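J.: Let's see this in three dimensions:
(one chain, ligands or ions: 1)
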Amino acid sequence: MKKQYTRITTNSLVEMKKGGEKISMITAYDYTLARIINQTNIDIVLVGDSASNVMAGHETTLPITLDQMIYHASAVVRAIKRSLIVVDLPFGTYQSNPEKALESAIRIMKESGAHAVKLEGGEEITKSITKIIKAGIPVMGHLGLTPQSIYKFGTYSVRAKEKMEADKLLEDAKLLEELGCFGIVLEKIPTNLAGKVTQSLNIPVIGIGAGKKVDGQVLVLQDMLGMNKEFNPRFLRRYLDLETTISGAVEQYSKDVKNNDFPNEEESY
Ligand code: KIV
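T.: Sure, this is the predicted structure:
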């Protein structure tokens, strides 16, 4: 029988991988939507630095600050009771030196109450990852398309199609496991490579645009709810069309106000 978890921990995720149970992960950045996610069986809630795009309208994830990530994470922590809460360390808060990386991770853990941090990159950030894990903070890795490096890549297209990059990704994934990461996100890479990585590791591998041969999936909440029709990557499955629903509701409200149909007697004191 499938084990029921009252609180998901990093150990629960490893157990799920061993038992062949797929892991569900979704982003959240605010209390209102996190409160609704808390009514579901989602395993991991990611306070992603995609908040930079989704919440603030920036073109990339680079501008979001540590203070802003802590603000979003604190709001999510107030709502989530069961899922493991992972927070992205934003660009510029861990790449320069391991001491700074640890300070940033400690601020996230202390000031937001989240359970783990996620960092983008492999061998280049070995020292930062080691320092954070040694301090007792769980770390999730992120390989493949790492949006904080967008200006190095020059495009958001699929990564690691060529052998050299695929080999480096596999080596990086093994290294992240050796360093003690509890899981890895693989973004936008070929299905078979993601499958190979997943089979080579004991820690869970969560994919976004990495096919189904991984241990779990992550999507950005606002994307899967259909809140932005302009964002159409092939990997995205939309479960709702909230852009139409919300604009329709607001349009109707505006009409009601202008026609003096709102409020009515029952809505008045
Ligand atoms: O910031 C984010 O939302 C992410 C996911 C795409 C994995 O890192």
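J.: Flag the shaky bits of this structure, pLDDT-wise.
T.: Flagging of the chain using pLDDT under 70 yields the residue ranges 1.
J.: Quick one: name the residues of it near the ligand.
T.: 27, 46, 48-50, 88, 185, 187, 208, 218, 220 (C-beta under 6 Å from any ligand atom). The C-beta positions use only the backbone N, C-alpha and C, and glycine is treated the same way.
J.: So which elements touch the helix or strand hosting H142?
T.: With elements delineated by DSSP states H and E, H142 resides in strand 139-144, which encompasses its position. Packing contacts for strand 139-144, counted by 3 or more C-beta pairs under 8 Å, 6 or more residues apart in numbering; DSSP states H and E, involve strand 116-118, helix 126-134, helix 163-179, strand 183-187.
J.: Distance from the chain centre to that strand, please.
T.: In terms of C-alpha atoms, centre = their mean, to the nearest Å, the centre of strand 139-144 is found 10 Å from the chain centre.
J.: The helix or strand that that strand is followed by: which residues count as buried?
T.: Per DSSP H and E, strand 139-144 leads on to helix 150-153 as the next helix or strand towards the C-terminus. Within helix 150-153, the residues that qualify as buried are I150, counting by 16 or more other C-beta atoms under 10 Å.
J.: Likewise for stretch 189-200?
T.: Neighbour-count burial for stretch 189-200, with 16+ other C-beta under 10 Å as criterion, is recorded at 189-190, 193-198.
J.: Okay, and which of those map to helices?
T.: Residues of those located in helices (DSSP state H): 193-198.
J.: who are the neighbours in contact with the most centrally placed residue in the chain?
T.: By C-alpha atoms, centre = their mean, the chain has its centre lying nearest to L46, at 3.8 Å. With C-beta atoms under 8 Å, 6 or more residues apart in numbering as the criterion, the residues that contact L46 are 25-28, 86-88, 118, 218.
J.: cool, I26 as well?
T.: If a contact means C-beta under 8 Å, 6+ apart, then I26 has 37, 42, 44-46, 218-221, 224 as its contacts.
J.: picking up where we left off before, can you put the helices and strands packed on strand 139-144 in CSV and add distance to S96 and mean neighbour count?
T.: What follows is the helices and strands packed on strand 139-144, written out as CSV (distance: least, C-beta to C-beta, whole Å; neighbours: other C-beta atoms under 10 Å):
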stretch, distance to S96, mean neighbour count
strand 116-118, 16, 24
helix 126-134, 9, 19
helix 163-179, 19, 16
strand 183-187, 22, 26
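J.: Which of the ones you listed sits closest to E103?
T.: helix 126-134 (9.8 Å; C-beta to C-beta).
J.: Tell me which residue in this structure sits closest to the ligand.
T.: G48 (2.4 Å; C-beta to the nearest ligand atom).
J.: For the residue lying closest to that residue once chain neighbours are set aside, grab phi and psi.
T.: Counting by C-beta to C-beta, 6 or more residues apart in numbering, T27 is the residue found nearest to G48 once chain neighbours are left out, at 4.5 Å. Backbone dihedrals for T27, given as degrees, to the nearest 10, come out at phi -90, psi 160.
J.: right, and T27 touches N53 too?
T.: No: under the criterion of C-beta atoms under 8 Å, T27 makes no contact with N53, lying 10.8 Å away.
J.: all helices for the stretch 1-150 of the chain, in order.
T.: Listed in chain order, the helices found in the stretch 1-150 of the chain under DSSP state H, counting those that start in this stretch are 10-19, 31-37, 51-54, 66-77, 98-112, 126-134, 150-153.
J.: buried sites along the first one?
T.: Read that as helix 10-19. Judged by neighbour count (16+ other C-beta under 10 Å), helix 10-19 contains these buried residues: 10, 12-14, 16-17.
J.: And for it, what's in contact with it?
T.: The list of residues contacting helix 10-19 from outside it, by C-beta under 8 Å, 6+ apart, reads 2-3, 5, 22-23, 43-44, 84, 115-116, 138, 182-183, 202-204, 215-216.
J.: So V218 versus M109, what's the distance?
T.: Distance of V218 to M109, given as C-beta to C-beta, to the nearest Å: 21 Å.
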